[in-house]
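Colleague: here are the coordinates; sequence isn't available:
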């Protein structure tokens with residue numbers, strides 16, 4: 001029996017059904033890799049970030065996620081080089097889809113009970129998305145902006161539902177906007193943390209704090225408020 005068309009499972013119905021000790025025999029999801037490209041690139045290397053956003057409340061199969069990953073990876077490697085980007089899949093297929101197998105041979109009506117006990121057995125996995133959910137994100141250099149957008153345009157055909165590509169206003173995968181990131185770097189309040197960056201909180205023991213971060217906390221707050229880049233309640 002072939003795989004059912006995804007129109008049978010596209011809409012979210014009922015509560016999520018995940019793999020557990022009560023739900024056994026779930027096949028492995030087709031997608032096994034969620035970070036590709038130069039995953040360990042420093043945060044300073046890739047300032048640009050592009051997101052693919054889902055505009056519908058639907059379910060996306062693990063097969064579709066794997067097809068999208070392959071499509072985006074192939075185009076980005078071709079245009080940006082294998083070390084010119086870092087792509088991340090932002091959703092995970094935890095929901096288990098079911099199928100109530102029906103016999104189609106002669107005398108099948110004597111062997112099966114029709115729609116009685118039609119709960120079904122695990123068939124595959126899918127990711128549940130909401131409106132505005134980010135499906136994929138890629139960080140790269142500014143000169144590859146057009147290539148990243150084109151890669152997501154081609155990738156969008158692998159997904160059901162409406163998809164939109166957005167240019168992020170943050171610095172890479174960090175939580176800071178470009179203006180905030182450059183301000184913190186200029187003032188010496190930026191702490192590089194691999195592919196991420198943190199703001200110095202000016203707390204803790206002095207002997208355990210690096211010299212460049214040894215300033216009073218109220219002084220740090222005054223700098224951030226004077227810049228006009230942060231909300232007063234977020235400092």
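Modeller: Looks like it came in fine. Just so it is clear, the structure is predicted and the values come from calculations on it, not from any experiment.

Colleague: now the strands: where do they sit in the chain?
Modeller: Here the chain has its strands, by DSSP state E, at 35-37, 48-54, 59-61, 85-89, 95-99, 121-128, 133-140, 163-167, 190-193, 196-199.

Colleague: Tabulate the ones you listed (a markdown table), appending distance to residue 179 and mean pLDDT.
Modeller: The way it works is simple: take the backbone N, C-alpha and C, and place the C-beta from them, glycine included. What follows is those, written out as a markdown table (distance: least, CB to CB, whole Å; pLDDT from 0 to 100):
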| stretch | distance to residue 179 | mean pLDDT |
| --- | --- | --- |
| strand 35-37 | 26 | 95 |
| strand 48-54 | 15 | 97 |
| strand 59-61 | 34 | 96 |
| strand 85-89 | 22 | 96 |
| strand 95-99 | 39 | 94 |
| strand 121-128 | 33 | 94 |
| strand 133-140 | 18 | 96 |
| strand 163-167 | 15 | 96 |
| strand 190-193 | 13 | 90 |
| strand 196-199 | 14 | 92 |
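
Colleague: neighbours around residue 195, how many?
Modeller: Look at residue 195: counted by other CB atoms under 10 Å, it has 20 neighbours.

Colleague: what does residue 179 give?
Modeller: Look at residue 179: counted by other CB under 10 Å, it has 13 neighbours.

Colleague: and the nearest residue to it once chain neighbours are set aside, what does it touch?
Modeller: Leaving aside its sequence neighbours, residue 179 sits nearest to residue 229 (CB to CB, 6 or more residues apart in numbering; 5.5 Å). When contacts are counted by CB atoms under 8 Å, 6 or more residues apart in numbering, residue 229 touches 177, 179, 180, 183.

Colleague: Any figure for the gap between residue 229 and residue 185?
Modeller: Noted for residue 229: a distance of 13 Å to residue 185, by CB to CB, to the nearest Å.

Colleague: What of residue 136?
Modeller: Residue 136 is 27 Å from residue 185, by CB to CB.
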